[in-house]
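>>> no FASTA, just this:
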């Protein structure tokens, strides 16, 4: 979730709004060159989309600890230098948003939808008729499995990444102190490891409030359910499955048991994503369920221990890493006054070789181009890469696609369930029923 789920940086709404025009452009083809040398997007290229002069497009960026404002501004400067007729105005959602969706819905309602958006829930804005169809050209055809992100046979999102999310990072020093010689693969092995850690006065598992609580709940439970049914959300739309079915009940009960046994950090809901990351890097917890982007922060952190990684355990021990392929990318407004320039910028941000490689390295992602671009990986990132070698194609979880994209806003309901479980104020059956109730209410 880019990461698709992370904290933004505060910006006033008034300063963020920028008119993007109202005529319904058709987009056009931004060029037929290969992704390794897209037109007017590489660092040495030039030219202006449609020979336009003094064009300004508005870009909604997604700020995270790894993908900073400075990171985006540097890329924008390079794009503008190569394309002197195009100016890019960057905006960003307020802090503490779990995704840009609420922010973008506000801008859409006010008529100020940006020309280029990043990390949005694509289905939501396709349903709102807000996004432009991306032409399938030689650039797009360089992306593995881009067809899987199509909606009704049309592409609305430019992305070429793999982002594993159901990972558990662990402190090798604390594992050794507790006498844990092998990383857990099954639920039972994880509980046994947690008990050994707790007996040594070590906090076994770390999580936080905000979106992190729902994310942790999802990545610790969903792999067992979704490896058995990779179309689960699609089947939920057809009422073939429910959250209250035995498989989800068993997985959620296992997770609730970890809480009841005191394996999570006390006061987890009083800290946020940024804080819990630092807690782990300070050595204040042994295991940290999180997506691959954490390895970028780990690579530059000062610490006196090594970090390892394993796939989130499943009931039977069979590895299945959840995550995203070709999601969390760049989409273009259907009402942009400058659709060709917007597509050109979106392609640059994802497909320009230097920008693509920099994005992968900044957020610990893996290239999903047919000729993947490689970057210098840290030891921890190499461990993640090894996990992926034996992993089947990923599906999503939480607010990401599992056969289909879930109903809008399901992420917030996951968060509510997870937070109330952490507080000990919710029965598992009631929590899962609330997910079914939310789905049925919002299934339109």
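Arrived safely. Keep in mind that this is a model prediction, so the values were computed, not measured. Residues are numbered from 1 along each chain as shown.
>>> only C-alpha atoms for contact and neighbour calcs from this point on.
OK.
>>> all strands for this structure, in order.
For the chain, the strands defined by DSSP state E cover 55-60, 86-91, 116-118, 161-164, 167-171, 287-290, 307-311, 323-325, 330-332, 366-367.
>>> Any chance of a markdown table for those strands, columns mean pLDDT, distance to residue 254 and mean neighbour count?
Listed next are those as a markdown table, based on pLDDT from 0 to 100; distance: least, Cα to Cα, whole Å; neighbours: other Cα atoms under 10 Å:
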| stretch | mean pLDDT | distance to residue 254 | mean neighbour count |
| --- | --- | --- | --- |
| strand 55-60 | 98 | 39 | 22 |
| strand 86-91 | 98 | 41 | 20 |
| strand 116-118 | 97 | 35 | 27 |
| strand 161-164 | 92 | 22 | 26 |
| strand 167-171 | 98 | 16 | 23 |
| strand 287-290 | 98 | 15 | 25 |
| strand 307-311 | 98 | 17 | 22 |
| strand 323-325 | 89 | 21 | 25 |
| strand 330-332 | 98 | 37 | 28 |
| strand 366-367 | 90 | 31 | 26 |
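>>> of all those, which lies closest to residue 373?
When the strands of the chain are compared by Cα to Cα, strand 366-367 sits nearest residue 373, at 6.0 Å.
>>> Just confirm residue 419 contacts residue 214, I think it does.
Yes. Residue 419 lies in contact with residue 214 (Cα atoms under 8 Å); the separation is 7.3 Å.
>>> picking up where we left off before, can you redo the strands of the chain as a markdown table with distance to residue 210?
A markdown table is the format used below for those (distance: least, Cα to Cα, whole Å):
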| stretch | distance to residue 210 |
| --- | --- |
| strand 55-60 | 22 |
| strand 86-91 | 22 |
| strand 116-118 | 21 |
| strand 161-164 | 21 |
| strand 167-171 | 19 |
| strand 287-290 | 14 |
| strand 307-311 | 23 |
| strand 323-325 | 20 |
| strand 330-332 | 25 |
| strand 366-367 | 26 |
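>>> now for these, which one comes closest to residue 194?
Between residue 194 and those, the tightest spacing by Cα to Cα is seen for strand 287-290, at 8.9 Å.
>>> Touching stretch 301-308 from outside, list them.
With Cα atoms under 8 Å, 6 or more residues apart in numbering as the test, stretch 301-308 has contacts from 169, 170, 171, 172, 173, 281, 282, 283, 298, 380, 383.
>>> which ones are touching the second one?
The contact partners of residue 170, taken as Cα under 8 Å, 6+ apart, are 286, 287, 288, 307, 308, 309.
>>> Now do the last one against residue 214, distance only.
In other words, residue 309. Distance of residue 309 to residue 214, given as Cα to Cα, to the nearest Å: 20 Å.
>>> The lengthiest helix in the chain: which residues count as buried?
Scanning the chain for the longest helix, with DSSP state H as the assignment, gives helix 210-226. For helix 210-226, burial by neighbour count (16 or more other Cα atoms under 10 Å) applies to 210-226.
>>> just to revisit the earlier point, turn the contacts of residue 170 into CSV, including distance to residue 92.
Shown next, in CSV, are those (distance: Cα to Cα, whole Å):
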residue, distance to residue 92
286, 34
287, 31
288, 28
307, 32
308, 33
309, 32
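>>> quick check, nearest of these to residue 200?
Using Cα to Cα, residue 286 comes nearest to residue 200 of the contacts of residue 170, at 11.2 Å.
>>> ok, that closest one touching residue 279?
No. When contacts are counted by Cα under 8 Å, residue 286 is not listed as touching residue 279 (10.0 Å).
>>> the more surrounded of the two?
residue 286 (26 against 17; other Cα atoms under 10 Å).
>>> who's in contact with that one?
Counting by Cα under 8 Å, 6+ apart, residue 286 makes contact with 170, 171, 174, 175, 197, 202, 203, 204, 205, 206, 280.
>>> In TSV, list these along with distance to residue 324.
Listed next are those as TSV, based on distance: Cα to Cα, whole Å:
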residue	distance to residue 324
170	22
171	25
174	30
175	29
197	31
202	32
203	30
204	27
205	24
206	23
280	24
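>>> most neighbours, which of those residues?
For those, the largest neighbour count, defined by other Cα under 10 Å, is 29 neighbours, found at residue 204.
>>> From residue 353, how far out is that one?
According to Cα to Cα, residue 204 stands 41 Å off from residue 353.
>>> Worst mean pLDDT across the helices and strands of this protein, which element?
Within the chain, no helix or strand scores below helix 13-16, which has a mean of 28 by mean pLDDT, DSSP states H and E.
>>> for residue 115, what are its contacts?
Contacts for residue 115 (Cα under 8 Å, 6+ apart) come out as 20, 57, 58, 59, 332, 333, 335, 336, 338, 339, 342.
>>> If we use 10 Å, what do you get?
18-21, 56-60, 88-89, 131-132, 331-339, 341-343, 345-346 (Cα atoms under 10 Å, 6 or more residues apart in numbering).
>>> same check, this time on residue 227
By Cα under 10 Å, 6+ apart, the neighbours of residue 227 are 314, 318, 319, 320, 321, 322, 392, 394, 395.
>>> thought the last one was touching residue 325?
Yes. Distance between residue 395 and residue 325: 7.8 Å, which falls inside the contact criterion (Cα atoms under 10 Å).
>>> Alright, calling it a day.
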